[in-house]
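K.L.:
Sequence plus predicted model, see below.
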Amino acid sequence: MKRVVEGSQAVAEAVRLAKAQVISAYPITPQTHIVEILSEYCASGTMDARFLRVESEHSALAALIGAQSCGVRTFTATSSQGLALMHELLHWTSGARLPIVMAEVNRALASGWNIWTDQTDSLAQRDTGWIQLYCEDGQEVLDSMLQAYRLAERVYLPVMVVLDAFYLSHTYEPVDVPSQEDVDRFLPPYGPRFQVNTENPCAFGQLVPPGSYMKMRRNIAMAMEETFIRFSEIQEEFYRVFQRRYDPVEAICCNDAEIILVTSGTATSTCRMVLRSLRDKGERVGILKIKLFRPFPVAMVREATSQAKKIAVIDRNFSFGASGIFAQELRAALCNTAGHPPVFSYIAGIGGLDITIELLEEIYWKTKGTAFPEEESLWMGI
Amino acid sequence: MSEPDISFPLLIPCSSQSTESNKTGSWRFLRPQFDEKTSPCSAACPAGEDIARIEMLSAQGAFKEAWEMILRENPFPGVCGRVCPHPCEVVCNRTEFDEAIAIHAVERFLAETASRYDLKPSLPRLAAKKQRIAIVGAGPAGLSASYFLSLLGYSCDVFEAMSEPGGVLRWGIPTYRLPLPALKSDIAHIESQDVQILTGQKLGRKFLQDAVERYDAVFLGCGHSRAVKLGIPGEDTNAIEDGLQLLRRLRQGNTVSLSGISAVIGGGNTAIDVARSIIRIGGKAIILYRRRQRDMPAFDEEVQMGLDEGVELRELVTPVRIATEGTQCKLTLQEMKISGEDRNGRANILPIDGKTHELRVERIFKAMGALPGEDWLSPPEKTNGSLALSHTVLVCTDRRPALLFGGDLTNETKSVAHAVASGKQAAMALDIFFRSGIDAIVPELAACRVGQGPSLSMEIYMGGNRRLRNSHVVSYEEINTDHFQFQPRITQPRLLREERRISFEEIDLRISTNLAIREADRCFNCGICNQCDNCYMFCPDIAVIREKNKDERHINYDYCKGCGLCVVECPRNAMTLREEDI
């Protein structure tokens, strides 16, 4: 049924429909609405779940590590400083192979204090072993959440569903909120391959010698590789029930594009409008929307950009001392392919600044008018 | 829907081996241990009551056990809950946090609860001894001595000159402060410990010679009954009465009429009691005191309530002459001035030359203190075979019986709690004397001190658990106040001033069980374990072990790493962290 909901509510409805059993979170703007709604669902009995109030995000994730180890489906949501506080436990979660699902609302990191959108918080956690899915609109948020449980519980890796602060978390738009029956058809109950069991006591996470440790790390890397296969399978399953599907990357008009704009999150929607108007003017432009950031879909990126002359990556984030992070990933993906196009890096919309149609058009014309990137990154709009 | 094949195994760190083989205790260089200490209130209580534990038991609703805790150290909870000036509350650590615990109110509540339900205490008692003891005077000191001697296995006869036991408690304290049923209830519990009280037995000096045949020791606790003389011209008029006599007449049930103005000379509790009694029987009372109000030895609260009720106080005057004028007396009052203060902040006074004035009153009551009724009741100057302790003087020559002086005869501070301390010290000293001789008394008593003393504990003497307590007195800085919330002290419900002025009804009203529990629950329980289990909760190694069905905890040193969290998080300093011996 179509309902007009906030992005935050789209997350909460998905968690309800996924029948999460333990939820633990600490409030932080702009994530707060998500857990507010869920806490009400738990209190009213709409959900049969335990809501654990904790004193910090570190404890929120620690509590879920305990709960998930006991073989139940769990959820947390956070943002910015909260995610940073979880850092060591993010590593623990993937190392312990716990399929925890988190909603991460992209917000700028302090200092200065800023509550608006910026991807640096989630991208700074790219090496923690979490699968990362970036979303463009409310529907994609809800769908990605449901898929996240399916994916996490297949590959035994945690999944972070990432959405822009305010542009998504606090914006109302029509979203198809599916029925419980349909969701149940797509998402079976969690049947853990391992769990704490008092009948057969065991200890998790004890000391591991170097040889075994390296094998376990390799095992996680293999699970990341497996993610591509499972992701595609899940899209088929999801399509059969809901008639919607998503790809790790979405290539829009890339076949004949000379310049491809690489985007993620809500900036993609704005870019779609720019694409239409530029195409109307006869410009051969395409968009490559990155949805799956970890594992990074190298093969798909290479394929989608193989015909392009130039690539312009729009990054709402920055790695100090390097460049935009998506641009880095693009360059790394392409560097071992012969004759690959140059990658232009544009920094835009930092700390919640709007990425407007005009700005994106400026990026396009600047890319078109320059033969080769003159700087590692160009800061736009300031 | 079937799960796709997993083509490679899922590797996780998982072990079915017990981690118990990893004895993390071997890492330890600091050793936490349960180490109960001494609360400041218990050290300040002349009777050495285990107040922290009494409050703990009260908060748990274990009223009989709490009451018995008092009875192990003090046979007068009903009396002391009312008239003791509660030095315990002055040193209460909670004062620095918000307000002191109303220890006296909980004590009185426990005594009342015991009476209401007619509880019988079950107190440990030592095996019967062959020695017999005579106690002269059934006041608080004599009754305490007989009570504690009885717990120690001795049989005692108490001789009382008056028609009923109680001494100053029975005849000297007005009923609005200490109603008769409260006193009777405490005395009944003393009698139930096989103490025989023989009333109407006024003894003379000859009794000591006769006692040789029948008793191994005699305790003299006859108190002070002879009023101090003013030593001024005109003192021998009939218009002058001893204040204690007035209080006695009132408590004997006599109808006394005192219309007009009565002067009361003195600044102690007796002066206040006399003045407030005069108000209650329709007279007007003026207290004449040679120093300032703040220098008065009477309890501040009593003075304040007296003034509220209409007692007039004249400071810095002392009578120098009394003359009779018809039915009235003319008092000549010398005005005094302050000339510095002594160590305790009490004013030193000097007469102001030539400054006198006169005061006409109907009668005068003396209340400046008292002396032993007869000379032979005063303890002797230091002689061979005598031992002067803090609250009693023991005289034991080769001839039986051993003689002990106690109560007001020997105590510097004259209060019920000090009388109890005297009776207790005498009982212990006598027991040690019979067992090990006079030289053993001082060291053995020292081992029974509460904190640094001088209060003594009968529970320690009798080998109870309290002997394991560390004598260190817990300070406020040693309390982890993070674990406590501000909560105001209870407000004592009282009769209105208008009701007080016309009746001898008890002023302080009974408090409810709820209030008593709430007040007791405010107590930090300094130095003792109340099974809050913070240690258990905070231990990262699950090394604090709770005994099943017991109130005890112990530490499993096989796994305790010595992090010290338990000690820091103990709210009440009932644990100690020490360096391991290497």
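P.N.:
Received the coordinates, thanks.

K.L.:
buried sites along the longest helix anywhere in chain B?
P.N.:
Secondary structure of chain B per DSSP state H: the longest helix is helix B:416-436. The neighbour-count check on helix B:416-436 (16 or more other CB atoms under 10 Å in any protein chain shown) flags B:416-434 as buried. C-beta: built from backbone N, CA, C; applies to glycine.

K.L.:
shaky segments in chain A?
P.N.:
Nowhere does chain A drop to pLDDT under 70.

K.L.:
Please parse it into its domains.
P.N.:
A:2-242, A:250-379 (automatic domain parsing).

K.L.:
ok, now chain B?
P.N.:
If you go by automatic domain parsing, chain B breaks into B:21-36+B:529-579, B:41-121+B:471-522, B:132-225+B:372-446, B:229-368.

K.L.:
can you put the ones you listed in CSV and add distance to residue A:93?
P.N.:
Converted to CSV, those look like this (distance: least, CB to CB, whole Å):
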stretch, distance to residue A:93
domain B:21-36+B:529-579, 21
domain B:41-121+B:471-522, 32
domain B:132-225+B:372-446, 62
domain B:229-368, 64
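
K.L.:
Would you map the strands across the stretch 401-550 of chain B?
P.N.:
Secondary structure of the stretch 401-550 of chain B (DSSP state E, counting those that start in this stretch): strands at B:402-406, B:544-546.

K.L.:
Check those for me: which has the lowest mean pLDDT.
P.N.:
Among the strands of the stretch 401-550 of chain B, strand B:402-406 carries the lowest mean pLDDT, a mean of 88.

K.L.:
got a list of what the most centrally placed residue in chain B touches?
P.N.:
Chain B has residue B:417 as the residue nearest its centroid, 3.7 Å off, counting by CA atoms, centre = their mean. By CB atoms under 8 Å, 6 or more residues apart in numbering or on different chains, the contact list for residue B:417 reads B:45-47, B:74, B:80, B:84, B:87.

K.L.:
Quick check: phi and psi on the closest residue to residue B:199 other than its chain neighbours?
P.N.:
If the residues on either side of it in the chain are set aside, residue B:199 comes closest to residue B:160, at 4.7 Å by CB to CB, 6 or more residues apart in numbering or on different chains. Recorded main-chain torsions at residue B:160 are phi -130, psi 130, according to degrees, to the nearest 10.

K.L.:
pLDDT score for residue B:160?
P.N.:
Reported pLDDT for residue B:160: 95.

K.L.:
who touches it in this structure?
P.N.:
Shown in contact with residue B:160 (CB under 8 Å, 6+ apart): B:137-138, B:142, B:167, B:197-201.

K.L.:
The closest residue to chain A within the stretch 151-300 of chain B: neighbouring residues, count only.
P.N.:
Going by CB to the nearest CB, chain A is nearest to residue B:300 of the stretch 151-300 of chain B, at 46.3 Å. Neighbours of residue B:300 under the rule other CB atoms under 10 Å in any protein chain shown: 11.

K.L.:
picking that back up, which residue, other than its chain neighbours, is closest to the residue nearest to the centre of chain B?
P.N.:
Using CB to CB, 6+ apart, the closest residue to residue B:417 is residue B:46 (4.0 Å).

K.L.:
where does that neighbour land in three-state SS?
P.N.:
coil (DSSP: H, G, I helix; E, B strand; the rest coil).

K.L.:
Show me which positions of stretch A:103-119 end up buried.
P.N.:
Residues of stretch A:103-119 classed as buried by neighbour count (16+ other CB under 10 Å): A:103-109, A:114-119.

K.L.:
Can you add secondary structure and distance to residue A:318 and give these back as JSON lines?
P.N.:
Supplementary listing: the buried residues of stretch A:103-119 in JSON lines, determined by DSSP: H, G, I helix; E, B strand; the rest coil; distance: CB to CB, whole Å:
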{"residue": "A:103", "secondary structure": "strand", "distance to residue A:318": "23"}
{"residue": "A:104", "secondary structure": "strand", "distance to residue A:318": "18"}
{"residue": "A:105", "secondary structure": "strand", "distance to residue A:318": "19"}
{"residue": "A:106", "secondary structure": "strand", "distance to residue A:318": "13"}
{"residue": "A:107", "secondary structure": "coil", "distance to residue A:318": "15"}
{"residue": "A:108", "secondary structure": "coil", "distance to residue A:318": "11"}
{"residue": "A:109", "secondary structure": "coil", "distance to residue A:318": "11"}
{"residue": "A:114", "secondary structure": "coil", "distance to residue A:318": "14"}
{"residue": "A:115", "secondary structure": "coil", "distance to residue A:318": "18"}
{"residue": "A:116", "secondary structure": "coil", "distance to residue A:318": "15"}
{"residue": "A:117", "secondary structure": "coil", "distance to residue A:318": "14"}
{"residue": "A:118", "secondary structure": "coil", "distance to residue A:318": "9"}
{"residue": "A:119", "secondary structure": "coil", "distance to residue A:318": "9"}
